[in-house]
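In: Mind folding the following:
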Amino acid sequence: MQDRKTWSSHSVSAYSSASNFFISTHDLTSIMLSLEVINQTGIFFSAFNETVDLEMKFSEDIKTLIGVALSILIFFMVSGNILVILAFVADKRLRTQSNLFLLNLAICDFGIGAFSTPLFLPYMLTGKWMPGRIMCKLWLTIDYTMCTASAFNVVLISYDRFMCVTNAVLYRSQQNNQNLAILKMIVVWIASFLLYGPVILFGDIIFGGHIPDTVCLTNFLEIWYVHFGTSIFDFAFPLISISFFNLSIYWNIKKRSKSKKHPSVPHHLQAEHKRPYIIVTDIVLFGSQLHRNENEFPSLSANSRLNTNDVQIIQLSKDKKVAKSLLILVCVFAICWAPYTFLITIGKACSGRCIESHWYDITIWLLYANSAINPILYPLCHKSFRNAFYMMFKMCINKRDY
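Out: A predicted model of the protein is given here:
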């Protein structure tokens with residue numbers, strides 16, 4: 001899914017994770033190419049009849065700036081996501097069913113930062129792929145799979161929060177079913193691989209054509225149904241899904257808020273109980289476990305009556321936080337993924353002549369940034385993860401003291 005970038009002396013500059021080069025001549029000095037610039041969504045733009053050198057032409061200053069920018073982005077991708085992974089290792093309390101989805105997302109984004117982008121960086125700066133054709137196919141397969149899995153995991157996390165708010169009874173009944181969570185994670189990885197893996201690995205056999213060993217590209221997205229399918233599953237499906245879940249949560253909360261104007265407590269819930277109650281006061285915004293906080297709301301005495309309306313109001317307040325968090329999720333996903341998708345679509349309509357090349361560069365950085373932003377959006381903004389990070393920090397300090 002990461003975009004490969006080809007720079008033209010005729011200002012054809014774009015990143016593409018599935019760029020297709022169809023060689024029309026074999027002249028040693030210049031090759032007429034039909035350049036398929038395809039973003040992570042599978043939507044492409046064709047720049048026909050451009051003379052493109054296989055070696056990208058950068059000034060030294062531009063090479064330095066691009067190298068520094070990508071290196072910084074790689075650092076945040078790797079460090080942010082590895083902190084999330086280490087938090088799960090260090091703190092057993094984080095190992096809840098829904099938090100496993102966050103772990104799965106962190107693994108995807110870590111792989112993008114640790115494997116995909118470092119191989120992309122020298123390829124982009126030099127314009128030549130040196131590791132060879134086999135490594136190219138491996139790189140593309142892993143790259144596509146991880147990026148697709150990252151998007152699908154966002155959908156899975158959104159669905160988890162949707163179930164927590166709109167169907168709390170069923171949601172809580174499934175919390176001890178770790179196998180169900182693992183099954184969902186496996187489905188995400190299998191679906192992500194099947195979407196691109198086979199056509200990348202066997203594209204030469206299926207579609208034919210020849211790509212030079214010094215170019216690491218795919219040759220299948222020119223086919224309209226492949227192009228259409230990847231467009232749907234890479235961008236449209238995740239965006240529509242998380243938008244639907246967010247809107248459903250919003251309407252559910254709005255409906256419950258109106259009902260609080262005329263609260264009614266069933267008589268049987270007001271009966272006295274011998275054992276104390278603890279009010280749920282802290283909810284993981286992007287996880288699933290409801291954590292009890294006994295310090296803020298002490299247990300009720302044995303003679304107290306449970307005020308279910310107060311409990312519902314507290315829960316409603318927490319659900320509103322979930323809705324706000326998912327709204328941020330939808331906006332960030334759209335900001336990172338949509339601009340390049342729309343840009344490529346417009347570029348195809350005008351054969352690339354109506355868009356300046358630097359706009360492709362700007363939008364592709366947004367796509368890369370998504371894997372660096374994810375660990376901030378989900379785990380790092382929540383207290384339970386911050387506590388885990390603080391605990392790891394203290395452990396490191398204590399080891400240094402000894």
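In: For the closest residue to Ile206 other than its chain neighbours, give its distance to Ile85.
Out: Nearest in space to Ile206, with sequence neighbours left out and distances taken as CB to CB, 6 or more residues apart in numbering, is Val199 at 6.7 Å. Quick note: C-beta positions are derived from backbone N, CA and C, even for glycine. As defined by CB to CB, to the nearest Å, Val199 lies at a distance of 30 Å from Ile85.
In: Which one's more surrounded, those two?
Out: Val199 (21 against 16; other CB atoms under 10 Å).
In: what helix or strand is the more buried one on?
Out: helix 178-201 (DSSP states H and E).
In: Name the residues of that helix that are buried.
Out: With burial defined by 16 or more other CB atoms under 10 Å, the residues of helix 178-201 counted as buried are Ala181, Lys184, Met185, Val188, Trp189, Ser192, Phe193, Leu195, Tyr196, Gly197, Val199, Ile200.
In: helices and strands around it, which ones?
Out: helix 99-111, helix 133-166, helix 224-231 (3 or more CB pairs under 8 Å, 6 or more residues apart in numbering; DSSP states H and E).
In: So Gln175 belongs to a helix, correct?
Out: No. Gln175 sits outside any helix when classified using DSSP: H, G, I helix; E, B strand; the rest coil, being coil.
In: my guess is it meets Asp160, correct?
Out: No. Using CB atoms under 8 Å, Gln175 is not in contact with Asp160, being 10.7 Å away.
In: Same drill for these two, tell me which one is more crowded.
Out: Counted by other CB under 10 Å, Gln175 and Asp160 do not tie: Asp160 has more neighbours, with 22 against 16.
In: Name the helix or strand of the chain that has the lowest mean pLDDT.
Out: strand 44-52 (a mean of 32; mean pLDDT, DSSP states H and E).
In: Make sure Thr230 is actually in contact with Leu194.
Out: No. Using CB under 8 Å, Thr230 makes no contact with Leu194, being 11.9 Å away.
In: how near is Ile72 to Leu125?
Out: From Ile72 to Leu125 the distance is 15 Å (CB to CB).
In: Comparing these two, which shows the higher neighbour count?
Out: Leu125 (18 against 11).
In: what helix or strand does that one sit in?
Out: Going by DSSP H and E, Leu125 is in helix 117-126.
In: Report the inter-axis angle for that helix versus helix 99-111.
Out: Here helix 117-126 runs at an angle of 30 degrees relative to helix 99-111 (axes from the mean of the first three to the mean of the last three CA atoms, to 10 degrees).
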